[in-house]
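K.L.:
Just to be clear, the model below is a prediction. Sequence and coordinates:
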Protein chains: 2
Amino acid sequence: MASPPPPKTLTIAGSDSGGGAGIQADLKTFTALGTYGLSVITALTSQNTLGVDGVVAVNPPFVSKQLRAVIDDIGVDTIKIGMLHNHHIIEAVAETLTALFPPAGSSKLPPIVLDPVMISTSEHVLLDPSSLPALKTHLLPLCTLVTPNIAEAKKLSSLERIDSVEDMKAAAKKISELGSHAVLVKGGHLDERQVYDVLYETANGEYTVFEHPRIHTKNTHGTGCTQSSAIAAFLSKGNSLREAIQLATDYVQAALLASFDIGHGSGPLNHLVAILPRALAAPSDLDPHPFTSYLIRSCAVDWTMYTRKHPFILGLKDGTLPRESFIHFLKQDYIFLTHYARIHALAAYKSFSMEEIDAATDIVKHIVRESKHHIAFCQSWGISLEEFHSTPESGHTVAYTRYVLDTGVSNSLLALRVATAPCLLGYGDVGTWLHDDPGTKREGNAYWPWIEGYAGEDFQKAVRKGRDLLEESVKANPLSPAQLAEMVNIFRKATRLEVGFWEQSWSLQ
Amino acid sequence: MASPPPPKTLTIAGSDSGGGAGIQADLKTFTALGTYGLSVITALTSQNTLGVDGVVAVNPPFVSKQLRAVIDDIGVDTIKIGMLHNHHIIEAVAETLTALFPPAGSSKLPPIVLDPVMISTSEHVLLDPSSLPALKTHLLPLCTLVTPNIAEAKKLSSLERIDSVEDMKAAAKKISELGSHAVLVKGGHLDERQVYDVLYETANGEYTVFEHPRIHTKNTHGTGCTQSSAIAAFLSKGNSLREAIQLATDYVQAALLASFDIGHGSGPLNHLVAILPRALAAPSDLDPHPFTSYLIRSCAVDWTMYTRKHPFILGLKDGTLPRESFIHFLKQDYIFLTHYARIHALAAYKSFSMEEIDAATDIVKHIVRESKHHIAFCQSWGISLEEFHSTPESGHTVAYTRYVLDTGVSNSLLALRVATAPCLLGYGDVGTWLHDDPGTKREGNAYWPWIEGYAGEDFQKAVRKGRDLLEESVKANPLSPAQLAEMVNIFRKATRLEVGFWEQSWSLQ
């Protein structure tokens, strides 16, 4: 029953109680970008939008222990490293990674993105300055990408000034000499209007400049954490390094634009910007048809009236339905079938693949076949072909058929299919129920052959096909809550029109 | 520029390095359900799918410090409390909450959901048994809801057996006497096929039984954490307690159904089950028209050819376009306008609110007006009315107009609008550019009046209206990536047909 797991992304970083930075920002980013987040906590901070008012470092052996627990059992696709606080933790992380992925070993280090967090936006020292040599010597050589801002790039490169894109290129190249595969120097504070981030890749000696408009907002808490964890997330999803940086930059830009004011200081980015609520779960063993079962559940009262409680079907069940009601029903049902065939022809017109056109046409052919049986069946009830064709269409039949046709013209192909679903699913359900229920009269029930028709394999196969078509189109193109609500409205309306269809014949008596 | 903040949900709990339970599960749940997550960490665990191999409790004063940092600055809408590890932490949390929200104070305690975590699925003791009295005495009286499973309910209620729904009711009532507003006893292990959760609410003395099918999967790591944090998330979104429990139960069911195998033991729930990737950010100051700017960016090469580089418009710009090309263009453009009016009439038909019908009709009226100017303009170019009406529709004009019409019939209203967008946005852009560019010939350029027409306020107003209509419908009903890709295809095709429209007149020469 298990689903395929999403890519696994690990953050090794500090905790931010305020939820905007640290492992909290990382886990939010991993989740928003569709990966499975794991975390090794290096330090706890007591923190909010105004700043950090306390830090407790985790004992280095316990940092290693968390890292071993994760790698030994679960494994990871990419690692993002953030705040490490002191050189003991730096050494513990570097040693544990080297022990878990020995240089000569068969399992390679996963891509590692290091955000060399040193000082918080609120000027709190997050990395003991004496730890810089340990970072340079032990950790940088293990990294795929290091993402310093200008201040951090100065410390790592020992360059005194980084005032231009050219300076950033020089810094990136210099930092790369410490051993990482690539360096992204983030141009946070160079220019008022544009931001330039410079990537240097050691393997090919190439520079890439990523340029984006500066966003003027005070809510920038966690920008660096979010960018580096987003890069790690996109790498874990199979993007190249440049793609991952571009996609992560787009995400951070969008999250900054949608940032919000909470607290009294620098608010967080809006990590939710990349996601929409999913209205329906994917099909599963327990609920293999989530869309159609949701539609039916959402109009339970009308559905029960249509498929279980209406006196017309109870009259079919015990054979007491007046003959004139049934004959009226049969005549109007034939007219209905004509329009029902048209609507599926329209579905074929609205389809853009041969498979879909074929599937819709099969339904039209099925209805045409059904209508021939219908005529033969009606003749067995003494209705002549002439009488049959001269039957005027009732107001209610017009209402139902034209509602479905109009939905098909004015709305999407899915809406068209939803409008036809109550007929298909409902007759299938009624047929099976009447057929299988021990309380249904069989011997001497004039309506038994009709029941057998809808319970029969030919019709039931069409029901399953129609249902699968609906489920597949929603699976391929998941609905937003608003779209789902629209589909429920259409399904409910058509279900009520089905109830009215029983009613128009029943009320004759 | 700041967006309105989402509801704020706080978890006070332990950290699970494996990402499936603890604050990690809580933050994932908060994010997936659209709330802003904060966290106060009470203990660190070194943990994976096989179990817990190490726990380090956080110093109680630092637990309080994190809690104060969060509440003092940011505030919270609901609190979920999970693993507290020992009675010192229980007391620190209870005292700090009471100090921050004093019983006689003006700010009330937010709703608190307590998951009384005692023992992990892997039998690891997560709450020191001697701490039970502290939990009962200090914390339960502050809680809105307590959510014990059967084992925890036995400890809290001192009942020896809880073997039935009736026993669960008795336990819930007994636990409620410790002071919480409500108790949800979760019937984890009672029945093979169905799960019953029993809610008791003190205020009205009512029981509610929540029933759902048992899901047989080994991947249940973090179920309790997820359920309690989902209840907290739904409460923060304004749901009633019963609604929140039902919605949280639905979420947990879906997340269990979509759970996946990672590691060698009990894998995690799939927290991602409630979300879809969002293809486009919401409009913002920096990017107020994200949909139309995305469409244009996505077919940049064709768009530039259409609006900047085609020799037809360059000929308009410097006045060198051959007269016969322009006359051919004017004649075909009139035919185009006729069908363009029809497509907007179809948009009115496909609309279901008077506002939308009115907006579409305004466009039709605008086109009719434009066509009259067009005739007058053509007469100024020496084209007689007779000649005008007898012009045969060119193959390319047929292609373009019927493509747009077919899209309108066979696809959604949005797709119809997207198919018309290159014409509206492109002519608006070309008109403005030709008008404002200093390199455009004005004096003695026979095409200057044409340029002025499209740069004029009447046309530009229509452009803005059409663009806003597109943006609003996407804002109201965000697109999935697949839907966005479909819209890009339509926009690109129509843009290429626009290029072809210049081409058919240009290539006459």
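P.N.:
The structure has been received and is ready for your questions.
K.L.:
Name the surrounding residues that touch the lowest-mean-pLDDT helix or strand in chain A.
P.N.:
With mean pLDDT, DSSP states H and E as the measure, the helix or strand of chain A carrying the lowest mean pLDDT is helix A:385-389 (a mean of 86). With C-beta atoms under 8 Å, 6 or more residues apart in numbering or on different chains as the test, helix A:385-389 has contacts from A:331, A:334, A:375, A:378-379. Glycine gets a C-beta too; all of them are placed from N, C-alpha and C.
K.L.:
Following it in sequence, what is the next regular element?
P.N.:
helix A:395-410 (DSSP states H and E).
K.L.:
Domain-wise, how is chain A divided?
P.N.:
A:8-276, A:295-506 (automatic domain parsing).
K.L.:
Show the end-to-end separation of the last one, please.
P.N.:
Terminal residues of domain A:295-506 lie 26 Å apart, using C-alpha to C-alpha, to the nearest Å.
K.L.:
So which of the contacts of helix A:385-389 is the closest to residue B:93?
P.N.:
residue A:334 (71.8 Å; C-beta to C-beta).
K.L.:
How about the closest one: what's its closest non-neighbour residue?
P.N.:
Spatial nearest neighbour of residue A:334, excluding adjacent residues (C-beta to C-beta, 6 or more residues apart in numbering or on different chains): residue A:374 at 5.6 Å.
K.L.:
Just say helix, strand or coil for the spatially closest residue to residue A:290 that is not a sequence neighbour.
P.N.:
When the adjacent residues along the chain are set aside, residue A:290 lies closest to residue A:280, with 5.0 Å between them (C-beta to C-beta, 6+ apart). Taken by DSSP: H, G, I helix; E, B strand; the rest coil, the conformation at residue A:280 corresponds to coil.
K.L.:
Which per-residue confidence value corresponds to residue A:280?
P.N.:
For residue A:280, the model assigns a pLDDT of 87.
K.L.:
Dump the domains of chain A into JSON lines; add mean neighbour count as well.
P.N.:
Shown next, in JSON lines, are those (neighbours: other C-beta atoms under 10 Å in any protein chain shown):
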{"stretch": "domain A:8-276", "mean neighbour count": "21"}
{"stretch": "domain A:295-506", "mean neighbour count": "17"}
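K.L.:
Distance of residue A:424 relative to residue A:491?
P.N.:
Per C-beta to C-beta, to the nearest Å, residue A:424 is found 12 Å from residue A:491.
K.L.:
Then residue A:501?
P.N.:
Applying C-beta to C-beta to residue A:501 and residue A:491 gives a distance of 15 Å.
K.L.:
before we move on, what about residue A:7?
P.N.:
Separation of residue A:7 from residue A:491 (C-beta to C-beta) stands at 36 Å.
K.L.:
Could I get the contacting residues of whatever residue of the stretch 51-200 of chain A ends up closest to chain B?
P.N.:
Taking C-beta to the nearest C-beta, chain B has its nearest neighbour within the stretch 51-200 of chain A at residue A:73, 3.7 Å off. Contacts for residue A:73 (C-beta under 8 Å, 6+ apart) come out as B:18, B:48-50, B:263-265.
K.L.:
which ones among the residues you listed are found in strands?
P.N.:
With DSSP state E as the criterion, strands contain residue B:48 from among the contacts of residue A:73.
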